[in-house]
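Asker: need coordinates for the following:
(one chain, ligands or ions: 1)
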Amino acid sequence: MSSNIIKPIKVSVKSKSDLQDDAYDAISKSGESGIFQTELCKVFSLDSRDGSRLVGNLEKQSLISREKILYKGRWTYKLVLRKSSASIDSVKKPVEVTCVEGAPCFSCTYQHLCSSDDDTSQYSPARCTWIEEWVLTSFGHAMDTQNS
Ligand code: SF4
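Answerer: Got it, this is the predicted structure:
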């Protein structure tokens, strides 16, 4: 087979979660008036099936609500950010760092390879002896402090 037959295809490298984040931002920016699902699909060049799947995922995560509505003679959905998810974004919570002081992950040279989602990864918090030792040591110190 000649290599001239196979031509490289330019493929968008935007991941599913990037797309969900961008869609969430677009819905968020539309404010209380919301955005029509058909408009969202146009913005992100999605067909109605992919758009419906994307919006369905956001709805399942309780990030948005959708209301069936007649728009330009066609049924579509109006997408609005859920108030609870908007308030989560806007409320800044103080971060308590004392509970993670000394955690090995901050200085771990394998942090970039470590994943709790990837079962094939050699490095995972679920199998990490360094973090296990740190938890046991920290727990021991906490118990000592409590008992003294
Ligand atoms: S869990 Fe273990 S391997 Fe992963 S970043 Fe923390 S110390 Fe490193």
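Asker: which parts of this structure sit against the ligand?
Answerer: By CB under 6 Å from any ligand atom, the residues of the chain that approach the ligand are 104, 105, 108, 110, 111, 114, 123, 125, 128, 130, 131. Where C-beta positions appear, they are placed from N, C-alpha and C, glycine not excepted.
Asker: and the fifth one, how many neighbours?
Answerer: In this case it means residue 111. 12 (other CB atoms under 10 Å).
Asker: make 8 the first number, not 1, from now on.
Answerer: OK, 8 is where the count begins now, so the last one is residue 118.
Asker: what sits against the spatially most central residue of the chain?
Answerer: The centre of the chain sits closest to residue 24, judged by CA atoms, centre = their mean, with a distance of 5.9 Å. Not one residue lies near residue 24 by CB atoms under 8 Å, 6 or more residues apart in numbering.
Asker: can I get the residues of the chain next to the ligand in TSV with pLDDT?
Answerer: Formatted as TSV, those follow (pLDDT from 0 to 100):
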residue	pLDDT
111	93
112	92
115	94
117	93
118	90
121	90
130	92
132	91
135	93
137	95
138	93
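Asker: quick one: buried ones out of those?
Answerer: Burial by neighbour count, 16 or more other CB atoms under 10 Å: within the residues of the chain next to the ligand this picks out 111, 121, 130, 135, 138.
Asker: okay, and which of the residues of the chain next to the ligand map to helices?
Answerer: In helices, defined here by DSSP state H, the members of those are 137, 138.
Asker: farthest pair in the buried ones among the residues of the chain next to the ligand?
Answerer: The most widely separated members of those, counting by CB to CB, are 111 and 130 (11.4 Å).
Asker: residue 48: neighbour count?
Answerer: When neighbours are counted by other CB under 10 Å, residue 48 registers 20.
Asker: how about the contacts made by it?
Answerer: Listed by CB under 8 Å, 6+ apart, the contact set of residue 48 reads 54, 55, 57, 58.
Asker: same deal with residue 43?
Answerer: By CB under 8 Å, 6+ apart, the contact list for residue 43 reads 76, 78, 83, 84, 85, 86.
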